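Visitor: Give me a model of this one.
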Amino acid sequence: MKYYEIWFYYYGEDNNKTDYENEYTFYIKSENTIKTKEQLIKYLKSEFPILDEYYARMSYIPTEDYEYLSKWFEINGQEFELGCGKKA
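Guide: Residues are numbered from 1 along each chain as shown. Now for the predicted structure:
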């Protein structure tokens, strides 16, 4: 199993593109390695479909946020559990 931490709206402390009012982190696990942003977005859209606007950014990624996907990286199971509170 692969675990990923995904950043939205955050490009670094010294970067003017960082939007502190909207920045958030999303955590996923996948059977496959995700190498490109396109693969990641396709995975997010299929595995976390929009179901209820109330749960935006908790259980799915709002469509407009994909443009602001700033970084993603693989993490270990323990980091995944600490980050999102779900069992690895």
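
Visitor: from here on, contacts and neighbour counts on C-alpha atoms
Guide: Noted.

Visitor: ok, longest helix in the protein?
Guide: Counting by DSSP state H, the longest helix found in the chain is helix 37-47.

Visitor: Residues contacting that one, please?
Guide: 34, 60-61, 66 (C-alpha atoms under 8 Å, 6 or more residues apart in numbering).

Visitor: For these, which single residue is the most surrounded?
Guide: Highest neighbour count within the contacts of helix 37-47: Ile61, with 20 neighbours (other C-alpha atoms under 10 Å).

Visitor: Let me see the mean pLDDT of stretch 11-19.
Guide: Stretch 11-19 comes out with an average pLDDT of 95.

Visitor: Summarise which helices and strands the helix or strand hosting Phe80 is packed against.
Guide: In the assignment (DSSP states H and E), Phe80 maps to helix 77-84. Counting by 3 or more C-alpha pairs under 8 Å, 6 or more residues apart in numbering; DSSP states H and E, the packing neighbours recorded for helix 77-84 are strand 2-8, strand 24-30.

Visitor: got a list of what the nearest residue to Glu74 once chain neighbours are set aside touches?
Guide: The shortest distance from Glu74 to any non-neighbouring residue, by C-alpha to C-alpha, 6 or more residues apart in numbering, is to Tyr4 (4.4 Å). Applying C-alpha under 8 Å, 6+ apart to Tyr4 gives the contacts 27-29, 72-75, 80.

Visitor: try Ile61
Guide: Neighbouring residues of Ile61 by C-alpha under 8 Å, 6+ apart: 44-45, 48, 50.

Visitor: circling back to that earlier point, and the longest helix of the chain, what's buried?
Guide: Across helix 37-47, burial judged by 16 or more other C-alpha atoms under 10 Å covers 40-41.
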